[in-house]
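S.K.: Sequence first, then the predicted structure, then my questions.
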Amino acid sequence: MRLTLLLLASVLLSCTSPAENSEEPIVAPAPAPLPYDVHDSVPSFPSYTFLTGKFDPSEHPDFVKVAAGYTDGDPYVLHRDTYAAFERMHAAALADGIKLIIVSATRNFDRQRQIWEAKWNGQRLLEGRERADEAYPDPADRARAILRYSSMPGTSRHHWGTDVDLNALNNGYFAEGEGERIYRWLTEHAATYGFCQPYTAKGPDRPNGYEEERWHWSYLPLATQLTDYAAARLKDADISGFAGAEAAPRIGVVENYVLGVNPACKE
C-alpha cells in the first residue's frame with residue numbers, strides 16, 4: 001500500500017507545470033514601452049519630453065546660464081551649443097558696432113502655459129489691445145488669435161534651448177534706425193553662426209503659422225533635429241494640459257504652426 005502511494009505521488013509531481021513547481025516567480029510579460037521618455041527627469045536629445053518642454057532646463061546638464069552682459073537683465077538659460085554659437089555671433093556683431101541683447105530664451109512647458117493661459121483668460125491683452133476671451137468666444141478662433149505671436153504649451157521652439165529673442169519684441173523697432181541696422185546685420189551674418197529667422201513674413205513659401213517675428217532666431221544645428229522629430233512624432237491629439245488645448249486638432253497646430261516655419265530654417 002505504501003509503495004502504491006509513493007508511485008501515485010510521483011505521477012502527480014510529474015504532471016505539475018515547471019512554473020508551478022519552480023521556486024522562481026512567474027514573470028508577467030513586459031508592458032509595451034512608452035512612445036517617449038515621459039518619466040525621464042533629464043531627457044535625452046532629441047526626445048519627446050525635450051521637444052515638448054516638460055522638464056526643468058535650469059536642472060538639465062546640457063543647459064547653461066546666460067551671462068548678464070548678453071541680456072536685458074533677466075536670468076536666462078540656453079542649450080550649451082546654442083550659447084557658444086551666440087557668443088561667437090555677439091562678438092562679431094559687436095566688432096561691427098551692433099549690440100545683440102537677449103530679451104527671451106528658453107521657456108519650458110510650465111512657463112509657456114502661464115503666458116498662454118493669461119492670454120486665453122483675458123488677463124493679458126493680445127498685442128496690448130484686446131481680450132481674447134471677449135473678442136473670440138469660439139475656442140479655435142481664440143487659439144488662432146493668440147497664435148499670431150504666442151505658442152501653445154508643448155509646441156514652442158523656446159522649449160528647446162535653441163531659440164532667442166533679440167533686442168525688442170515688435171517688428172516696428174527693426175524697421176528703422178538702430179533696429180533696422182541690427183536686423184540687416186542679422187539677415188546678412190546670422191547664418192554664418194548657425195542662426196536662422198524661423199518666422200519670416202508670410203507668403204507663398206510660408207503661408208501658415210505665426211506672424212513675422214524679426215526678433216526671433218533659431219540655432220539650426222540643434223533646432224532642425226527637433227523640427228524633424230516633431231514632424232515624425234508630434235500629433236495634434238498629444239497637445240494637452242492647458243486651457244484651450246482642445247482647439248489644437250481643429251487648427252492643425254503641428255502642421256500649421258510647429259512646422260510652419262521659414263523653409264530655410266528646415267535645411
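M.R.: Yep, it's here. Keep in mind the model is a prediction, meaning the values are calculated, not measured.

S.K.: for residue 195, phi and psi?
M.R.: phi -100, psi 150 (degrees, to the nearest 10).

S.K.: That one: neighbouring residues, count only.
M.R.: Number of residues near residue 195 (other Cβ atoms under 10 Å) recorded here: 25. In short, each C-beta sits where N, CA and C put it, glycine included.

S.K.: Who does it form a beta bridge with?
M.R.: Judged by DSSP bridges, the bridge partners of residue 195 are residue 219.

S.K.: Touching, it and residue 81? I think so.
M.R.: No - here residue 195 does not reach residue 81: they are 11.9 Å apart, not a contact under Cβ atoms under 8 Å.

S.K.: can you list residues touching both of these two?
M.R.: Taking Cβ atoms under 8 Å, 6 or more residues apart in numbering as the criterion, residue 195 and residue 81 both touch residue 219.

S.K.: next one: phi and psi at the closest residue to residue 209 other than its chain neighbours?
M.R.: Leaving aside its sequence neighbours, residue 209 sits nearest to residue 260 (Cβ to Cβ, 6 or more residues apart in numbering; 2.7 Å). Phi and psi for residue 260, reported as degrees, to the nearest 10, are phi -90, psi 60.

S.K.: Would you mind measuring from residue 260 to residue 198?
M.R.: Distance, residue 260 to residue 198, using Cβ to Cβ, to the nearest Å: 9 Å.

S.K.: With residue 66 instead?
M.R.: Relative to residue 198, residue 66 is positioned 20 Å away (Cβ to Cβ).

S.K.: For residue 260 and residue 198, indicate the residue with more neighbours.
M.R.: Each of residue 260 and residue 198 had its neighbours counted (other Cβ under 10 Å), and the higher figure belongs to residue 198 (24 against 19).

S.K.: tell me the SS of that one?
M.R.: In three-state terms, and counting by DSSP: H, G, I helix; E, B strand; the rest coil, residue 198 is coil.

S.K.: Touching, it and residue 156? I think so.
M.R.: No - in this structure, residue 198 is not within contact of residue 156 by Cβ under 8 Å, at 11.2 Å.

S.K.: Count the residues that sit near the residue lying closest to residue 173 once chain neighbours are set aside.
M.R.: Spatially, and ignoring its direct neighbours in sequence, residue 173 is nearest to residue 179 (4.0 Å; Cβ to Cβ, 6+ apart). Neighbourhood size, residue 179 [other Cβ under 10 Å]: 18.

S.K.: ok, now the one 10 residues further on?
M.R.: Applying the criterion other Cβ under 10 Å, we find 15 residues in the vicinity of residue 189.

S.K.: Equivalent analysis for the one 10 residues further on, please.
M.R.: The criterion is other Cβ under 10 Å. On that basis, residue 199 has 23 neighbouring residues.

S.K.: For it, grab phi and psi.
M.R.: According to degrees, to the nearest 10, residue 199 has phi -110, psi 80.

S.K.: My read is that it contacts residue 211, right?
M.R.: Yes - using Cβ under 8 Å, residue 199 is in contact with residue 211, at 7.0 Å.

S.K.: Show me where the stretch 151-267 of the chain has its helices.
M.R.: 177-189, 220-233, 248-251, 253 (DSSP state H, counting those that start in this stretch).

S.K.: Pipe these into JSON lines and attach distance to residue 118 per row.
M.R.: JSON lines is the format used below for those (distance: least, Cβ to Cβ, whole Å):
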{"stretch": "helix 177-189", "distance to residue 118": "27"}
{"stretch": "helix 220-233", "distance to residue 118": "25"}
{"stretch": "helix 248-251", "distance to residue 118": "18"}
{"stretch": "helix 253", "distance to residue 118": "19"}
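
S.K.: Quick one: residues contacting residue 46.
M.R.: 225, 226, 229.

S.K.: Narrow these to those that are buried.
M.R.: If you count burial by 16 or more other Cβ atoms under 10 Å, the buried members of the contacts of residue 46 come out as 226, 229.

S.K.: Look up phi and psi at residue 109.
M.R.: According to degrees, to the nearest 10, residue 109 has phi -60, psi -50.

S.K.: So what's the residue count around the residue nearest to it when sequence neighbours are not counted?
M.R.: Leaving aside its sequence neighbours, residue 109 sits nearest to residue 53 (Cβ to Cβ, 6+ apart; 4.0 Å). Residue 53 has 27 neighbours, counted by other Cβ under 10 Å.
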